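> sequence first, predicted coordinates after that:
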Amino acid sequence: MDDPIRHPLAYARGQRGWSQGDLVASLDRVARRHGLRSGADKTAVSRWENWRKTPNLESQLLIAEAFDVPVTDVEAYGWPYWLPGRDSPLPLGSAYTVRALHDAQRASMDRRNFMAYSAISLAGLASQWAAIEPDRLTSALSGKRVDPELVDWLEDTSAKLTALPTEQRQHTIRLLDAHLSTVTELIEEGRYSETTGSRLHLLAASLATTCGWYRFDHGRHWAAGKFWGAALQSAHAAGDRDHGAGVLSDFAYQSNWLGKPRISVDQLGHALSGTQHPTARALLFLRRARAHAALGERTACYRDLSEAEAALGAEAGDSAPGWCAWMSPADLAVDSGQCLLDLGRTDEAHARISEGMALLPRSRDKTRGIFLTYRAKGFLQSNDVEQALAVTGESLDLATRIGAPRCVALVRDLAPAFEPHRQVDGVPEFLEQLRAS
């Protein structure tokens, strides 16, 4: 199988059947029409497609004309996300729910690993969710009657699959995908009461959320967005505001992960308007604090950390929604520590991260692997290279064992910080291990 396409320019070329040389020739023709020279060659195109260099504005305008992209799109989306191949979430509404679920399942086979929804698209989706009331579910008039006992079984089995320990859960994605396909077919073709229909839509939302996280963990951001868009549609159709808020917070987490914390702050503001459960609000405030820290916004970060701590300590009249039931003091401590790291308070960050690591249960090994990289980053900032090396090695071993590519990617991101310390015992061997993994 070919390697996944990892850049929008390579994807756009592939859609046209162009080689890199063909693109260079097309840019030359466009430039000559304006009495210019493009200055592009295959080396330049290769650098663009490997994220090593960004074309200047003049080159971007030539590329846009070559692909028949309006200049307004170049200005609105920024490089490289204005290139052909991007899309936007479907509008919220019952007419789009099944289509969104089918789109998500097709996205599993798409090679676009590079793409996520634009800030404009996410802003529109979040504002729709905050303002539009869900349609009332009505019984399907065609197809076979959906047996509530079948829905019982699907709910029970799906819950068991998603509750497996991390190391086992890496092997269950095909089963979860199959369950989602079955639920989508029942929604589309079955005949059911409003109560059963609501259960089916909620199950679709839960499954699509989990399937999206699997793609996110494997760096398949476009597919993750498709699944989360379908989850938001399904939760909206069922009138589940809590789950919808959770999906918006997943989009926000992805935005922060991709280095777009401002989008994350905006998304979480909408999400907080749609849920009142203390545990849910604690998670949303914590994620927004992380985004504020990434932006260097100290006051806003500390305010949200305080809100998260207060919400997590508040008594709730009912159990937490499933999407945030795992939220615990361990998460609050470690993510607070990461905020403090971003804001330069290294000693306090170490203490908070250590506190959280001690509280984290063994069943959450993927989270442990991510937390270990946070701890390693703190040691590197303190110039404690030996401790950083030990913790990073532990994180890499754990991520490899449980099949967690996102954790491996975090470890790889630390490699440049180790390069100046090659004289320290174990560092050259560790860097070689990273290259080989």
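Nice, thanks for sending it over.
> quick one, what contacts Pro80?
Contact criterion Cβ atoms under 8 Å, 6 or more residues apart in numbering gives 7-9, 48, 114 as the residues in contact with Pro80. To be clear about C-beta, it is placed using only N, CA and C from the backbone, and glycine gets the same treatment.
> report the two of the residues you listed separated the most.
The distance between the two most remote of the contacts of Pro80 (Cβ to Cβ) is 12.2 Å, for Trp48 and Phe114.
> in space, what's closest to Arg99 - neighbours in sequence excluded?
Counting by Cβ to Cβ, 6 or more residues apart in numbering, the nearest residue to Arg99 once its immediate chain neighbours are dropped is Leu90, at 6.4 Å.
> ok, now which ones touch the one you found?
Residues in contact with Leu90 (Cβ under 8 Å, 6+ apart) are 96, 99-100, 103, 229, 233.
> test my guess that Leu164 contacts Thr172.
Yes. Here Leu164 lies in contact with Thr172, judged by Cβ atoms under 8 Å, at a distance of 6.4 Å.
> these two: who's more crowded?
A direct count of neighbours by other Cβ atoms under 10 Å for Leu164 and Thr172 places Thr172 higher, at 16 against 13.
> how near is that one to Ser158?
Thr172 sits 10 Å away from Ser158 when distances are taken as Cβ to Cβ, to the nearest Å.
> residues contacting the helix or strand harbouring Leu431, please?
Assessed by DSSP states H and E, Leu431 sits inside helix 427-436. The contact list for helix 427-436 (Cβ under 8 Å, 6+ apart) reads 385, 389, 392-393, 396, 411-412, 415, 418-419, 421-422.
> buried only: go through these for me.
Neighbour counting by 16 or more other Cβ atoms under 10 Å classes 385, 389, 392-393, 396, 411, 418, 421 among these as buried.
> farthest-separated two in those residues?
With Cβ to Cβ as the measure, no two of these lie farther apart than Leu396 and His421, at 16.7 Å.
> what mean pLDDT does the helix or strand hosting Trp48 get?
Take DSSP H and E as the rule and Trp48 turns out to sit in helix 42-49. On average, the pLDDT along helix 42-49 is 92.
> name the next helix or strand downstream of that helix, please.
Going down the chain from helix 42-49, the next helix or strand is helix 57-66, by DSSP H and E.
> what's in contact with that following helix?
Applying Cβ under 8 Å, 6+ apart, the external contacts of helix 57-66 come out as 9, 23, 26-27, 30-31, 36, 38-40, 44, 55, 69-71, 73-74, 79, 82-83.
> what does stretch 252-268 give?
Outside stretch 252-268, the residues within contact range by Cβ under 8 Å, 6+ apart are 116, 119, 122-123, 126, 216, 221, 224-225, 228, 248-249, 251, 271, 284, 287-288, 290-292, 294-295.
> and the chain, what are its domain boundaries?
8-77, 90-275, 361-437 (automatic domain parsing).
> ok, Glu419 - contacts?
Counting by Cβ under 8 Å, 6+ apart, Glu419 makes contact with Leu431.
> list of residues touching the helix or strand containing Leu332?
Remark: Leu332 resides in helix 329-342, with elements defined by DSSP H and E. Residues external to helix 329-342 that are found in contact with it (Cβ under 8 Å, 6+ apart): 282-283, 286-287, 289-290, 292-294, 296, 301, 305, 308-309, 312, 346, 348-353, 355-357, 359-361, 367, 371, 374, 377-378, 381.
> one more pass at 7 Å, please.
Contacts of helix 329-342 with the rest of the structure, by Cβ atoms under 7 Å, 6 or more residues apart in numbering, involve 286, 289-290, 293-294, 301, 305, 308-309, 312, 348-349, 352-353, 355-357, 359-360, 371, 374, 377-378, 381.
> which SSE is immediately downstream of it?
Elements were assigned by DSSP H and E; along the chain past helix 329-342, the next helix or strand is helix 346-359.
> distance from the chain centre to that following helix, please.
Helix 346-359 sits 25 Å away from the centroid of its parent chain (Cα atoms, centre = their mean, to the nearest Å).
> got the angle between that helix and helix 329-342?
160 degrees (axes from the mean of the first three to the mean of the last three Cα atoms, to 10 degrees).
> can you give me the buried ones in helix 346-359?
So helix 346-359, judged by 16+ other Cβ under 10 Å, has buried residues 346, 349-350, 352-357.
> what residues does it touch?
328-331, 333-334, 336-337, 340-341, 371, 374-375, 378, 381-382.
> any of those residues buried? List them.
Of all the contacts of helix 346-359 considered here, the ones buried according to neighbour count by 16+ other Cβ under 10 Å are 328, 330-331, 333-334, 336-337, 340-341, 371, 374-375, 378.
> next helix or strand past the lowest-mean-pLDDT helix or strand in the chain?
Taking mean pLDDT, DSSP states H and E as the measure, the helix or strand of the chain with the lowest value is helix 166-169, at a mean of 70. Using DSSP H and E, the helix or strand that directly follows helix 166-169 along the chain is helix 173-189.
> other SSEs contacting that following helix?
For helix 173-189, the contact count by 3 or more Cβ pairs under 7 Å, 6 or more residues apart in numbering; DSSP states H and E identifies helix 97-107, helix 148-162, helix 194-217 as packing neighbours.
> and those helices as TSV, adding mean neighbour count and mean pLDDT?
What follows is those, written out as TSV (neighbours: other Cβ atoms under 10 Å; pLDDT from 0 to 100):
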stretch	mean neighbour count	mean pLDDT
helix 97-107	21	82
helix 148-162	14	90
helix 194-217	23	93
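> possible to save those helices as CSV with distance to Gly322?
Output for the helices and strands packed on helix 173-189, formatted as CSV (distance: least, Cβ to Cβ, whole Å):
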stretch, distance to Gly322
helix 97-107, 19
helix 148-162, 8
helix 194-217, 6
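> among the ones you listed, which is nearest Thr275?
Closest approach to Thr275 among these is made by helix 194-217 (14.1 Å; Cβ to Cβ).
> which strands and helices lie in contact with that closest one?
For helix 194-217, the contact count by 3+ Cβ pairs under 7 Å, 6+ apart identifies helix 97-107, helix 148-162, helix 173-189, helix 221-238, helix 241-257 as packing neighbours.
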